[in-house]
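Student: fold the following for me, if possible:
(2 chains)
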Amino acid sequence: MADSKLMNLKLKIWRQAGPGAPGHFVDHHAKNVSPDMSFLEMLDVVNENLIKSGQDPVEFDHDCREGICGSCALVINGNPHGPETRTTTCQLHMRKFKDGDSIVIEPFRAKAFPIVKDLAVDRSAFDRIQRAGGFVSVNTGAAPDANTLPISKSSADMAFAAATCIGCGACVAACKNASASLFVSAKISHLALLPQGQAEREQRALNMVAQMDAEGFGACSNTGACEATCPVGISLESIARMNRDFLSGSICER
Amino acid sequence: MTQTSPKLESKSPSGPIESRWEKHKFESKLVNPANKRKHTILVVGTGLAGASAAASLGELGYKVKVFCIHDTPRRAHSIAAQGGINAAKNYANDGDSVYRLFYDTVKGGDFRARESNVYRLAQVSTAIIDHCVAIGVPFAREYGGLLDNRSFGGAQVSRTFYARGQTGQQLLLGAYASMNRQSKNGNVEIYSRREMLDLVLVDGVARGITVRNLVTGEIESFAGDAVLLATGGYGNVYYLSTNAKNSNVTASWRCHRRGAYFGNPCFTQIHPTCIPRSGSYQSKLTLMSESLRNDGRVWVPKDKGDKRRPQDIPESERDYYLERIYPSFGNLVPRDVASRQAKFRVDEDRGVGSTGEAVYLDFSDSIKRLGRDKISEKYGNLFQMYEKITGENPYEMPMRIFPAVHYTMGGLWVDYNLMSTIPGLHVLGEANFSDHGANRLGASALMQGLADGFFVIPYTLGQYIASNPLPKVDISHDAFKASKEEVSQRLTQLLALRGQHTVDEIHRKLGQIMWDQVGMSRNAEGLKKAMDEIRNLRQTFWNDVRVPGEPNFKNSELEKAGRVADFLELGELMAKDALEREESCGGHFREEHQTPDNEAKRDDTNFCHVTAWEAKPHSDAISWTPHKESLNFEYVKPSQRSYK
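Tutor: Predicted structure coming up:
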């Protein structure tokens, strides 16, 4: 990589010492950034320099760096996961930026996602929602042969599309109401589209929606910001499916 | 033949291999359903093995406490597995069977795995698929609605079940959902953002763990009747690997220092198809699923130092070297073979790309034959990922790939019941050493994780609980206080160093030593040099590392520092094990031991055994004593592996 391509960037990063502490933006500089670096590798370099100069590095969640674990969760210039569509923060590369750019980096913000430190947030609300009903109640060892249950390819593909949700929470961060509808509906849709999920289908929707509300996520007003920002392209259609299952569940509940 | 040392009795049942597991299950004691709820089981790690164990033990009625370092259990690194999961279903009607999967796995592992374990793995593989479908895992299907299969390296049948390029995520979400169901039922308690930093022994038996709460920094104790470790592999000792950034050896290493023997630490798998590194800032390497070798052809230019663009190199000047050397397996040779051949091409100066450290994986023939849509349906997300990382479009240009550290076959030694040399400490999944020998076949890691968690441990743990007295122990016991004290002291010591080097700088240096000397090919001189260099680096770390921040907040640097400190001991042990194993087998290639055409040359007379290392920790040093478990092959007779 020729040196002429290296970039210098100004970063405005949200710093917050802990859950209760006040937060504020701090200016940091990223020098000699290669366009082939990932966004998180750029932050790694910033952090190494901070440590060497005796300062506290910026805390952020990350793990697989392949776009599948859903850990990384940065709002970059106002966009959850940054400017590129269908991309997690870890898969965003610096070739999408220009020398001299200013970049504002914030955590995913929502009442239900309290800040742990700097850019790391607590998304355990998602776990509690799934615990409320995001499963098929079958015990280990009880299953019949897998091929006794044919599933049409189109159903299987649709269920798979919903199941690709990586649980990152970008949909919540993008929503002006901080609604978790896209996430919850993806989980509900995955099982609602498969025959295995039918027995508990309506109860599942009722329980998961109730927990979503209890966690303090906002309501859905169909702006579609979630779908636009989702790194794996979960469709708004799943929210319609969730609402349908919730409604029929509410009517039939006894 | 090697003598098995007394602590390494495998406890494998005898008799015909087909009925050993059945017999063992029948002979295992049972725990009365009403008594199960009186037993607390601590499960560390929530990947496929940990989550499935927590779920199945919760279903049985045990009280399970499960711990993970992530903000949620669904992020464990099993999630990143792309290609698939093997099972001997023979749905493809192509001659597969339990025996063939067993045979392929023993042979693929280069005759360094325990036959009884591997047979059991092949046997339960079919139940895994049944169960995963029942809990809603959306596997790929044919138009007729039945499950689709594909083939993987080291096998000539199609036995791999998959969910596009994210089989690991779909299986993990299934296991996680089952665990959540037990959490809702009150049988499983989930503790996220907790890191296990010590194993607590009471009268020589594993009775608890000491963990750090990664948000508040608090050091916490948990007591139980058994500890199940499912904390994955140690590939990150190389710094650059396909492992997630937070994958580490610490939980296993803390147990090792408490007396658990470490089996075959030098058996590392280098995966042949990864995206090559692009610069010194590189933080990890990304795997491109092995399934791509079904439709991609691997080649390099025939001429040395050929810098032309791939599309400018005519067909006659390309060397499809895997097809040339291994006509019967072609591009689907096992991982160790494919990786080594790529290294040989690069060493010959026939590597491609700006660094010369890559070979091509070319899809143009398949795109011509099957059409772009079909290729996109099979591998779309992988192609997309490749383009995001490299900025090149693999539909138009061949991918550049190079081997990278991916999986570790070695791990804590366990017997047939998955119990380590410490009574009560069980080890599951990649964290144990057991089923893959010296080389793991593709799509077998997911299979082993789920086999251990869903179908093995529920039986073998019952036997342990039912046949041991397990007097009541709680966290007020002195052993817990002593462990807490030791853990706190170590953290305080790390934070007090305030030296010149960052943790990552030292980790990168360790990684370089490991890759250069303990990587794809090894020799005695290099291994001795590596051991010296690692000891020196360990000294630099403990004198001159800088860990910023405070103990009682989220502090990623402190977490990393503790993990790198453990890698700095493990690295030395890996080199020592590689030096002691004077043969080549599977992923362990000793340059001194090769056939005239550069294939691995095993020594079954002297090395048909597992080496399990006992740690002797001293105040500021560590040493090891080797022990051996002899391996007997009654069914698959060891032969030189040939994929030609």
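Student: and B:Val237, how far from B:Ala466?
Tutor: Applying Cβ to Cβ, to the nearest Å, the value for B:Val237 to B:Ala466 is 38 Å. The C-beta positions use only the backbone N, C-alpha and C, and glycine is treated the same way.
Student: which residue of those two possesses the greater neighbour count?
Tutor: Higher neighbour count among B:Val237 and B:Ala466: B:Val237, with 32 against 15, using other Cβ atoms under 10 Å in any protein chain shown.
Student: need the contact list for the more buried one.
Tutor: By Cβ atoms under 8 Å, 6 or more residues apart in numbering or on different chains, B:Val237 lies in contact with B:249, B:510-511, B:514, B:567, B:570-571, B:574.
Student: helices and strands around the longest helix out of those in chain A, which ones?
Tutor: Longest helix in chain A, counting residues (DSSP state H): helix A:237-252. With contacts taken as 3 or more Cβ pairs under 8 Å, 6 or more residues apart in numbering or on different chains; DSSP states H and E, helix A:237-252 sits against helix A:181-192, helix A:201-214.
Student: returning to what we had before: now tabulate the contacts of B:Val237 in a markdown table and tack on pLDDT and neighbour count.
Tutor: As requested, the contacts of B:Val237 are exported to a markdown table (pLDDT from 0 to 100; neighbours: other Cβ atoms under 10 Å in any protein chain shown):
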| residue | pLDDT | neighbour count |
| --- | --- | --- |
| B:Val249 | 98 | 26 |
| B:Leu510 | 98 | 26 |
| B:Gly511 | 98 | 21 |
| B:Met514 | 98 | 25 |
| B:Phe567 | 98 | 27 |
| B:Leu570 | 98 | 25 |
| B:Gly571 | 98 | 28 |
| B:Met574 | 98 | 30 |
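Student: look up phi and psi at the one residue in the stretch 151-300 of chain B that gets nearest to chain A.
Tutor: Closest residue of the stretch 151-300 of chain B to chain A, Cβ to the nearest Cβ: B:Ala177 (3.9 Å). Backbone geometry at B:Ala177, expressed as degrees, to the nearest 10, gives phi -60, psi -40.
Student: now it, nearest residue through space, not along the chain?
Tutor: Nearest-residue entry for B:Ala177: A:Phe135, 3.9 Å, with adjacent residues in sequence omitted and distances by Cβ to Cβ, 6 or more residues apart in numbering or on different chains.
Student: now do B:Glu9
Tutor: In space, B:Glu9 is closest to B:Asp415, 6.8 Å off (Cβ to Cβ, 6+ apart).
Student: residues near that neighbour, how many?
Tutor: Neighbours of B:Asp415 (other Cβ under 10 Å): 20.
Student: before we move on, what about B:Val31?
Tutor: 20.
Student: just the CA atoms of stretch B:465-482, as PDB, please.
Tutor: Output of stretch B:465-482 as PDB, limited to C-alpha atoms (Å, rounded to 0.1, in the frame of the first residue of the first chain):
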ATOM      1  CA  ILE B 465     -23.000 -37.700  40.400                       C
ATOM      2  CA  ALA B 466     -24.500 -41.100  41.400                       C
ATOM      3  CA  SER B 467     -21.300 -42.800  42.300                       C
ATOM      4  CA  ASN B 468     -19.500 -40.100  44.300                       C
ATOM      5  CA  PRO B 469     -20.400 -38.900  47.800                       C
ATOM      6  CA  LEU B 470     -20.100 -35.200  47.000                       C
ATOM      7  CA  PRO B 471     -20.500 -33.800  50.600                       C
ATOM      8  CA  LYS B 472     -22.100 -30.400  50.700                       C
ATOM      9  CA  VAL B 473     -19.700 -27.500  50.000                       C
ATOM     10  CA  ASP B 474     -20.500 -23.800  49.900                       C
ATOM     11  CA  ILE B 475     -18.600 -20.700  49.100                       C
ATOM     12  CA  SER B 476     -17.700 -20.000  52.800                       C
ATOM     13  CA  HIS B 477     -15.200 -22.900  52.500                       C
ATOM     14  CA  ASP B 478     -11.600 -21.800  52.800                       C
ATOM     15  CA  ALA B 479     -10.700 -23.000  49.400                       C
ATOM     16  CA  PHE B 480     -13.000 -20.400  47.800                       C
ATOM     17  CA  LYS B 481     -11.500 -17.600  49.900                       C
ATOM     18  CA  ALA B 482      -8.000 -18.700  49.000                       C
END
